[in-house]
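Engineer: A structural model of the following input is requested.
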Amino acid sequence: MQRLLASTVLAAGFLGGAWSASAQDCGNVTLALHNVQSAELLTYVDKFILENGYGCSVETIPGDTVPSTTSMVEKGSPDVSSETWVDLLPEIVPRGLEEGKIVYGAPALPDGGIQGWWIPKYLADAHPDIKTVEDALAHPELFPDPENPDRGVIFNGAEGWGATVVTAQLFKAYEAESKGFNLMRPGSAAGLDGAIARAYERQEGFITYYWAPTALLGKYELVLLEASQEHDPAEWKRCITSLDCPDPKVTAWPVDTVMTVLTKDFADRTSPQILDYFNTRGWSNETVAKLMAWQAESQAMGEDGAIHFLEENKDMWTKWVPAEVAEKIEAAL
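Structural biologist: Predicted coordinates:
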């Protein structure tokens, strides 16, 4: 890291006046650092490009989808959420857009995000009749709760995730408790991954909330359960995304819209070049899944993953920035 910083400083010195002008135009930027691997990687890619390509002073602010986006709407901070699953926030995001508090950049994942309830492939192969959520809920004995084997288990997401609220509401809608299931709350992303890993390596049955793209789905083969009902946007907004709603109805998960979100204040004060970047930049599920798999195999941090991406995918990221900015980024690398 010291060598990286040193090379960055040298590059800045060689570029001289043009670099200083860029820094003055860009100024300070705060980026939301979500507790989701794909979002973390994109945030660190943005950080490296903004600092080394545009001369910005970048600070990352730890958070998660719901609190970070709510803070952007209500407090105007942080400036940017690099990856926001906006369909999980049907009240916050539309209100923020309507009130002129936030604006969209480019789609972070142009092919969208996939969420839902999954079962391990070895169990799906052994029981090919289990294809839907209802099929699985008819057999709690195949998905034993580690703490109460007489009942089945569904693993929920981490505290603070919009998807955790959705899973809790769908648990009600499917009447899973009366069908013999418990809803396990792991508390954190690490707790959820640990529960999945333990059960998978023991070849135990389980139902879990998860999403793609993720490195975990590259390591552990899971099969997405189908819903008996199509996605109902009205029901999703009315009740599925509100934990206080008492009477949720079954509906499928949507293919989520995953956007870059900026505060309107930041969009107004930053330079047109920075806006062009955020209105252009995005990557596919396949690209980020491969990057996450490399990160997991290498036991690398998010910053390392961002640098690996920039080193290995020049043909992609150079389309996001002007040629003179790309030269600065390469010099820093």
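
Engineer: could you pull out the helices for the stretch 1-150 of the chain?
Structural biologist: Counting by DSSP state H, counting those that start in this stretch, the stretch 1-150 of the chain has helices at residues 2-15, 17-26, 37-54, 65-75, 92-98, 121-126, 133-137.

Engineer: In contact with T241, which residues are there?
Structural biologist: Neighbouring residues of T241 by CB atoms under 8 Å, 6 or more residues apart in numbering: L88, L89, P90, E91, G162, V165, V166, Q169. Where C-beta positions appear, they are placed from N, C-alpha and C, glycine not excepted.

Engineer: Buried among those? Make that a PyMOL selection.
Structural biologist: Only the buried entries of the contacts of T241 go into this PyMOL selection, using 16 or more other CB atoms under 10 Å:
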select buried, resi 88+89+90+162+165+166+169
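
Engineer: ok, so of the contacts of T241, who is nearest A252?
Structural biologist: Set against A252, the nearest of these by CB to CB is V166 (11.2 Å).

Engineer: in what helix or strand does the closest one lie?
Structural biologist: Using DSSP states H and E, the element containing V166 is helix 162-173.

Engineer: what's the offset of that helix from the middle of its chain?
Structural biologist: Put simply, helix 162-173 sits 18 Å off its chain's centre (CA atoms, centre = their mean, to the nearest Å).

Engineer: Could you point out the helix or strand that follows it?
Structural biologist: Next along the chain after helix 162-173, taking DSSP H and E as the criterion, comes strand 181-184.

Engineer: what helices or strands is that following strand leaning on?
Structural biologist: In terms of contacts (3 or more CB pairs under 8 Å, 6 or more residues apart in numbering; DSSP states H and E), strand 181-184 is packed against strand 144-145, strand 148-155, helix 162-173.

Engineer: quick one: which of those is nearest A227?
Structural biologist: Per CB to CB, nearest to A227 of the helices and strands packed on strand 181-184: helix 162-173, 8.8 Å.

Engineer: Residues contacting the closest one, please?
Structural biologist: 65-66, 85, 88-89, 115, 117, 154, 156-158, 177, 181, 183, 185, 209, 211, 239-243, 245, 248-251, 253.

Engineer: could you redo the last one with a cut-off of 7 Å?
Structural biologist: For helix 162-173, contacts defined as CB atoms under 7 Å, 6 or more residues apart in numbering pick out 65-66, 85, 88-89, 115, 154, 156-158, 183, 209, 211, 239-241, 243, 245, 248-250.

Engineer: could you flag which of these are buried?
Structural biologist: Burial by neighbour count, 16+ other CB under 10 Å: within the contacts of helix 162-173 this picks out 65-66, 85, 88-89, 115, 154, 156-158, 183, 209, 211, 239-241, 245, 248-250.
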